[in-house]
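Engineer: take this sequence and fold it.
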Amino acid sequence: MHNQMEPISLVFESFINLADGIINLEKTKLQNKQQAFKEIIEPLFIELQPVVDNYVNLFKKAKQSIAESSQKDLSVAVREIREARESMILNRIKVRELANRIQEVYNDKKIIDFALKVQEFFYRTIVQKQTKMSYAKELVDLFEYVAKNDMDKSDLIEFMNDALKNMENSWVAIAQSYALVRIYCLSSPQLTHKPKDPQ
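Structural biologist: A predicted model of the protein is given here:
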């Protein structure tokens, strides 16, 4: 992951434009693996990196806020974290749409696996509720609990440390999947598309 945080509005605009383009692609425009890699996988991976960096930096900033803010100042920190999270919601929606679009178009395990790993970066499974929640949504909720004295700061810090570790592991998995897909797509031209629905 990059260390320098890029302007968030530029990052999101670039990523959303890419995602919209891919989501709206006609199936006939991607005829083989090389083209699929150049049109979808490679640009997605490149554009995703600064988005991931900003998401991770949200948690790093939150850790700094919780360490430096007094109980009285936590309400300000909560508002800042909530605003940052809200600015990222559209990106997560686009990632989900993008992963779904790839699964609709391709009947190819390696490419679908890459798309799913990208989609799953932003979420974790809540075992007790048998559902998924974005890390950022949970972060905002827990910050509010701490601000109301309903939760100890140490528990929030533990959550953020776990989240950052999980995101790091998830990014490694994405990078590994990308490398495999790159070799796979560039080594053989034929790619399986899902059959069109009968008219």
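Engineer: give me phi/psi at residue 107?
Structural biologist: For residue 107, the backbone dihedrals (degrees, to the nearest 10) come out as phi -100, psi 60.
Engineer: neighbours of residue 131, how many?
Structural biologist: Here the count is done by other C-beta atoms under 10 Å, and residue 131 has 9 residues near it. Every C-beta, even on glycine, is put in place using the N, C-alpha and C of the backbone.
Engineer: distance check, the closest residue to it other than its chain neighbours against residue 37.
Structural biologist: Distance criterion C-beta to C-beta, 6 or more residues apart in numbering; nearest residue to residue 131, sequence neighbours excluded, is residue 125 at 7.4 Å. Using C-beta to C-beta, to the nearest Å, residue 125 is found at 30 Å from residue 37.
Engineer: please identify which of these two sits among more neighbours.
Structural biologist: Using other C-beta under 10 Å as the criterion, residue 125 and residue 37 rank with residue 37 on top: 22 against 11.
Engineer: okay, and the residue nearest to residue 131 sits in which element?
Structural biologist: strand 123-126 (DSSP states H and E).
Engineer: average pLDDT for that strand?
Structural biologist: When pLDDT is averaged over strand 123-126, the result is 74.
Engineer: name the element residue 133 belongs to?
Structural biologist: Using DSSP H and E, residue 133 sits in strand 131-134.
Engineer: for stretch 167-185, buried residues please.
Structural biologist: 167, 170-171, 173-174, 177-178, 181, 184-185 (16 or more other C-beta atoms under 10 Å).
Engineer: is it possible to get a markdown table of those that adds pLDDT and secondary structure?
Structural biologist: Compiled in a markdown table, the buried residues of stretch 167-185 are given as follows (pLDDT from 0 to 100; DSSP: H, G, I helix; E, B strand; the rest coil):
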| residue | pLDDT | secondary structure |
| --- | --- | --- |
| 167 | 92 | helix |
| 170 | 93 | helix |
| 171 | 93 | helix |
| 173 | 94 | helix |
| 174 | 93 | helix |
| 177 | 94 | helix |
| 178 | 93 | helix |
| 181 | 91 | helix |
| 184 | 89 | helix |
| 185 | 87 | helix |
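Engineer: now those residues as TSV including distance to residue 17?
Structural biologist: Rendered in TSV, the data for the buried residues of stretch 167-185 read as follows (distance: C-beta to C-beta, whole Å):
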residue	distance to residue 17
167	24
170	24
171	22
173	26
174	21
177	23
178	20
181	22
184	27
185	23
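Engineer: picking up where we left off before, show me what the strand holding residue 125 is packed against.
Structural biologist: Using 3 or more C-beta pairs under 8 Å, 6 or more residues apart in numbering; DSSP states H and E as the contact criterion, the elements in contact with strand 123-126 are strand 131-134, helix 135-147.
Engineer: could you point out which element follows the lowest-mean-pLDDT helix or strand in the chain?
Structural biologist: The helix or strand of the chain with the lowest confidence, counting by mean pLDDT, DSSP states H and E, is helix 8-23 at a mean of 63. Moving toward the C-terminus from helix 8-23, the next helix or strand (DSSP H and E) is helix 33-36.
Engineer: buried residues, whichever helix or strand comes after that next one. List them.
Structural biologist: Next along the chain after helix 33-36, taking DSSP H and E as the criterion, comes helix 42-68. Within helix 42-68, the residues that qualify as buried by neighbour count (16+ other C-beta under 10 Å) are 42-45, 47-59, 62-63, 65-66.
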